[in-house]
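> Just need the structure, nothing else, for what follows:
(chains A and B)
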Number of protein chains: 2
Amino acid sequence: MGIPSELEEIFASAYSSAIYISRILNLPEPRNKVFVLGESGIEQELRTENVPFIGGTDPSLRREITPADFAGLADGSMLDPDVGIVLAGLDFHVNYLKLAMAFQYLRRANAFFPGAGSISIPLTNMIGQKPTALGKPSQAMMDAIEGKFRLDRARTCMVGDRLDTDIQFGIQGGLGGTLAVLTGVSKKEHWEAEDAAFVPAYYVDKLADLGGERS
Amino acid sequence: MGIPSELEEIFASAYSSAIYISRILNLPEPRNKVFVLGESGIEQELRTENVPFIGGTDPSLRREITPADFAGLADGSMLDPDVGIVLAGLDFHVNYLKLAMAFQYLRRANAFFPGAGSISIPLTNMIGQKPTALGKPSQAMMDAIEGKFRLDRARTCMVGDRLDTDIQFGIQGGLGGTLAVLTGVSKKEHWEAEDAAFVPAYYVDKLADLGGERS
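Predicted coordinates for the structure are as follows:
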């Protein structure tokens, strides 16, 4: 179109990322390595800017995650201590192993692993609307339970250890009762707080108390 | 703990999903098939409820996406016309092919494909904070450009066809000028609207107009 331009004057987001990392962030060595979730285009731009990286198109990461990987990620032995940044772009070879590695680099020292929400959120994002949730406290789950057992809600009690899933589930589902058990997530002070959103009708210290002498 | 229970009285979210699909949604045949993004647990529950499904642990989907897949998904020839639901859970074998298939089932007749945002959003979700965006209109990209070219912003003009990326990028970056080109996404009426958030300083009908006689 008559506009003279050199290759290096074309500025795409992969290139932008490489420049940003090398010249704006300019991390001190050795914690300046990038873990890449993406394809070769990102790698080329990082190379141009002399930014050290791992991941990306590495063929050793195109495989299923193994029990050894879970262990090695959890104890950190599988992680490169020099990685200070995760750069995520379009990756046609995305897999659970790579997502789990990226997550560990982002969180360090927290040995969590991606759950179902992290697998389904790309779809939620793509479609631009929330899916029907089918875990507690979703009332779709309550409908499903009722659909299966034909139970009488008034004669049903929800037993659980967490206010914002279990007890909320029972209250919003209009069950006859809710019983909090104190051996888990929520504590007595949680529902005794003035701003407590969900208060159980009953509570026991431990579930075994319900069974009398049995434990 | 002294509470008598049968296996079928344990109600997990995969089971909840199967019941919900079979008894609450109760889709009319033949459009009642489920495309599963998940593992064998979900499949077992669907089988228990006699819900027809595809996907899931199907070994033929544990592979890289090919050009033939893109074509077959775009023209629908690779899709099962009976699929009426996508059910997404934890999938240790998630890959781009399965995400793309799920997306097509959700969108039908819209031959889009997942982009970079859909690959990175699991990480965004996992970490609970927004990453630094490096495409337009992110000013991190502008900083990167300035870092690379050492340009004089006052003597620089942003040229682009889209108000909410290109023109916004130039205005927020404090460039000397912004030039809208009318051959692309945004039209004159977009910035002439009263509530226009970003108004270009100049515009041309087509970029070739800048080059005088050349086109």
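
> Could you say which helix or strand holds residue A:68?
Residue A:68 belongs to helix A:67-74 when assigned by DSSP states H and E.

> near chain B at all, that helix?
No. Helix A:67-74 does not reach chain B (Cβ under 8 Å from any Cβ of the partner chain); its nearest approach is 10.0 Å. Placement of C-beta: from N, CA and C, glycine included.

> So which elements touch that helix?
Counting contacts by 3 or more Cβ pairs under 8 Å, 6 or more residues apart in numbering or on different chains; DSSP states H and E, helix A:67-74 packs against helix A:96-107.

> For the helix it packs on, which residues meet the burial criterion?
A:96-106 (16 or more other Cβ atoms under 10 Å in any protein chain shown).

> Cross-check these against chain B and keep the overlap.
Taking Cβ under 8 Å from any Cβ as the test, chain B is in contact with A:96, A:99, A:102-103, A:106 out of the buried residues of helix A:96-107.

> After the helix holding residue A:68, heading C-terminal, what element do we hit next?
strand A:83-88.

> What angle do helix A:96-107 and that next one make with each other?
For strand A:83-88 against helix A:96-107, the angle by axes from the mean of the first three to the mean of the last three Cα atoms, to 10 degrees is 130 degrees.

> List the buried residues of strand A:83-88.
Of the residues in strand A:83-88, A:83-88 count as buried by neighbour count, 16+ other Cβ under 10 Å.

> of all these, which comes closest to chain B?
Chain B has its nearest neighbour among these in residue A:88, at 3.6 Å by Cβ to the nearest Cβ.

> so what's that closest one closest to, chain neighbours aside?
What sits nearest to residue A:88 in space, not counting adjacent residues and going by Cβ to Cβ, 6 or more residues apart in numbering or on different chains, is residue B:120, at 3.6 Å.

> from the chain's centre, how far out does the helix or strand containing that neighbour sit?
Residue B:120 is part of helix B:116-127 when elements are defined by DSSP H and E. In terms of Cα atoms, centre = their mean, to the nearest Å, the centre of helix B:116-127 is found 10 Å from the chain centre.

> Which strands or helices does it pack on?
For helix B:116-127, the packing partners by 3+ Cβ pairs under 8 Å, 6+ apart come out as strand A:33-37, strand A:83-88, helix A:96-107, helix A:116-127, helix B:96-107.

> try it again with 7 Å
strand A:83-88, helix A:96-107, helix A:116-127 (3 or more Cβ pairs under 7 Å, 6 or more residues apart in numbering or on different chains; DSSP states H and E).

> Columns mean pLDDT on top of the ones you listed, output as CSV?
Listed next are the helices and strands packed on helix B:116-127 as CSV, based on pLDDT from 0 to 100:
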stretch, mean pLDDT
strand A:83-88, 88
helix A:96-107, 87
helix A:116-127, 73
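
> what about the nearest residue to residue A:182 once chain neighbours are set aside, how many neighbours?
Using Cβ to Cβ, 6+ apart and skipping the chain neighbours, the partner closest in space to residue A:182 is residue A:205 (5.1 Å). Here the number of neighbours of residue A:205 (other Cβ atoms under 10 Å in any protein chain shown) works out to 10.

> How about the backbone phi and psi for residue A:205?
Main-chain torsions, residue A:205, degrees, to the nearest 10: phi -70, psi -40.

> In the ones next to chain B among the buried residues of helix A:96-107, find the pair that's most separated.
A:96 and A:106 (15.4 Å; Cβ to Cβ).

> ok, and what's touching stretch A:75-91?
If you take Cβ atoms under 7 Å, 6 or more residues apart in numbering or on different chains as the criterion, stretch A:75-91 is touched by A:14, A:17, A:21, A:27, A:30-39, A:42, A:54, A:69, A:72-73, A:102, A:104-106, B:115-116, B:119-120, B:123, B:131.

> which of the residues you listed count as buried?
Neighbour counting over the contacts of stretch A:75-91 (16+ other Cβ under 10 Å) leaves A:14, A:17, A:21, A:32-39, A:42, A:54, A:69, A:73, A:102, A:104-106, B:116, B:119-120, B:123 as the buried ones.
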